[in-house]
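Chemist: turn this into a structure:
(one chain, ligands or ions: 3)
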Amino acid sequence: MATISTPSLPFCPPPKDQKGENKVEFFDFTSLAKEGKVPKEFIWPTENWVKSSGENIELPLIDIGLIKSDESAMAKAAEIVREACIKHGAFEVTNIGVDIDFNDLVLQETGNIFKLPLDKKISAIAKDAGFSVAHAERYTTVLPWKETFTFMYNHNSKNETQVIDVVDSLLGQEFQQTGLVYQKYCDAMNDLTKVLLELLAISLGVDRKHYQSFFEDAVSMMRCNFYPPCSANLSGALGNGPHCDPISLTLLLQDQVGGLEVFADNKWLAVPPKPNTFVINIGDTFMALTNGLYKSCLHRVFVSNKVERKSLTFFVSPRGDKTVSPPDELLGKEESRKYPDYKWNELYQFTQKTRRVDAHTLDSFVAWRSSSDASN
Ligand SMILES: C=C1C[C@]23C[C@H]1CC[C@H]2[C@]1(C)CCC[C@@](C)(C(=O)O)[C@H]1[C@@H]3C(=O)O
Ligand SMILES: O=C(O)CCC(=O)C(=O)O
Ligand SMILES: [Fe+2]
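Modeler: Residues are numbered from 1 along each chain as shown. Ligands and ions are numbered 1, 2, ... in the order given. As a prediction, the model looks like this:
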């Protein structure tokens, strides 16, 4: 697979104060954007923002409603998805079963939570949940030009209001409507995940329920992304640097601003936004679950110098203690394993404590783990 080589990103956590707490310098995007200021902490190494090709990628578009009801359409879609996932790891889906204006409502609610004042966002920063302001609470340099709001979603939870509850605990009663909208959205992502896992199993020629049962007790991450306008949008600042998502599948809803790029055919190609259309990315862990046959999608995000951009990324992962290992059907007789078994949580912790996510995360994790095994 053609890839790029970018230097690993500095993993510099904030300094500690006398009480051992992180001394974080937060950035107020509202005033930075107004004054057109871009602090040096947001400038990425040049290799990360090499020029775009100026071309669009045409991703195959799958009609979910159709393949759910028509086996021949499912089989055709499986062939189309197989070609795209072997090549670059991305495709698109539409008609997922929610009203067409619901997606606009979800994006609108997302805009509302990022209108909160900076001090309120800072007070709602928690581990694996709540706000992040340019990840300044984690890194002190090479920061992404974005704010995020994150919470976890248990796919087989008996609690039908898990999302309403977590949004209420993080944002309070005044965001009850937001919690209701996100609950409905995450439940729709859960349903979409099931169809995608069956479609992918069929495309790989394995038992069509194989991945659905592996992910039946999945614990996914729902993340809302907010990218303020930036005057250095083409000279060093990035919404996200080049990376592959370490998780299994990313279900992405973007607004109509644009900025997402996929690396394919050895060049950076824009993913033009389409209404009511979700971009599906293969992540590192699903690549490992196919023994490297499907490619983890290499992508990055440019920001606009004029308007804010919003996106919702639903990151599907198995339960943390599940062992990531491809099905035997994908291991030809002499075919060697491309990646060793690992537990999903091992890779996740590697991204949180050892190496920032970039274009080489899984290979770096495998090398790091074998060297730590060798030294133990
Ligand atoms: C396993 C994860 C790490 C990140 C959140 C999930 C899936 C995507 C990863 C991420 C969003 C990719 C871009 C860089 C990153 C640091 C971020 O900008 O948030 C990544 C997340 C993370 O490391 O927390
Ligand atoms: O906002 C986007 O379009 C993509 C975001 C992304 O790649 C990520 O959060 O991993
Ligand atoms: Fe990503």
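
Chemist: could you use CA atoms for every contact and neighbour count after this?
Modeler: Fine.

Chemist: helix or strand: which one has the closest residue to residue 98 other than its chain neighbours?
Modeler: Nearest residue to residue 98, sequence neighbours excluded (CA to CA, 6 or more residues apart in numbering): residue 188, at 7.3 Å. Take DSSP states H and E as the rule and residue 188 turns out to sit in helix 176-204.

Chemist: mind listing what's buried along that helix?
Modeler: 178-186, 189-190, 192-204 (16 or more other CA atoms under 10 Å).

Chemist: which of those residues come close to ligand 1?
Modeler: Here nothing survives when these are matched to ligand 1 using CA under 6 Å from any ligand atom.

Chemist: ok, back up a step: which pLDDT value goes with the residue nearest to residue 98?
Modeler: For residue 188, the pLDDT comes out at 98.

Chemist: residue of the stretch 1-150 of the chain closest to ligand 2, please.
Modeler: When distances are taken as CA to the nearest ligand atom, the stretch 1-150 of the chain reaches nearest to ligand 2 at residue 148, 8.6 Å away.

Chemist: confirm that residue sits in a strand?
Modeler: Yes. When classified by DSSP: H, G, I helix; E, B strand; the rest coil, residue 148 is found to be part of a strand.

Chemist: which residues of the protein lie near ligand 2?
Modeler: Checking the chain against ligand 2 by CA under 6 Å from any ligand atom, the hits are 245, 254, 260, 301, 311.

Chemist: how about a cut-off of 8 Å?
Modeler: Proximity of the chain to ligand 2 is confined to 223, 225-226, 239-240, 243-245, 250, 252-254, 258-260, 299-301, 310-313 under the rule CA under 8 Å from any ligand atom.

Chemist: coming back round to it: so how far is the helix holding residue 188 off the chain centroid?
Modeler: Counting by CA atoms, centre = their mean, to the nearest Å, helix 176-204 is centred 14 Å from the centre of its parent chain.

Chemist: and the residue nearest to residue 294 when sequence neighbours are not counted, how many residues sit next to it?
Modeler: In this structure, residue 294 finds its nearest non-sequential neighbour in residue 86, 4.5 Å apart by CA to CA, 6+ apart. Counted with other CA atoms under 10 Å, the neighbours of residue 86 add up to 18.

Chemist: please apply the same query to the one 4 residues further on.
Modeler: Residue 90 is flanked by 28 other residues according to other CA under 10 Å.

Chemist: for residue 123, see how far away it is.
Modeler: Distance, residue 90 to residue 123, using CA to CA, to the nearest Å: 36 Å.

Chemist: residues touching the residue of the stretch 1-150 of the chain closest to ligand 2, list them.
Modeler: By CA atoms under 8 Å, 6 or more residues apart in numbering, the contact set of residue 148 is 130-134, 223-226.

Chemist: just list whatever residues bridge to it.
Modeler: residue 132, residue 225 (DSSP bridges).

Chemist: local confidence estimate at it?
Modeler: Per-residue confidence (pLDDT) for residue 148: 98.

Chemist: what does residue 335 give?
Modeler: pLDDT, read off for residue 335, is 68.

Chemist: and for residue 67?
Modeler: pLDDT, residue 67: 98.

Chemist: got it, and residue 1?
Modeler: Looking at residue 1, its pLDDT is 50.

Chemist: same deal with residue 317?
Modeler: Residue 317 is assigned 98 on the pLDDT scale.

Chemist: distance of it relative to residue 364?
Modeler: Applying CA to CA, the value for residue 317 to residue 364 is 19 Å.

Chemist: quick one, which of the two is more surrounded?
Modeler: Neighbour count, other CA under 10 Å: between residue 317 and residue 364, residue 317 has more, with 24 against 16.

Chemist: what helix or strand is the residue nearest to residue 183 when sequence neighbours are not counted on?
Modeler: In space, and not counting its chain neighbours, residue 183 is closest to residue 163: 5.0 Å by CA to CA, 6+ apart. Take DSSP H and E as the rule and residue 163 turns out to sit in helix 162-171.

Chemist: mind listing what's buried in that helix?
Modeler: Of the residues in helix 162-171, 162-168, 170-171 count as buried by neighbour count, 16+ other CA under 10 Å.
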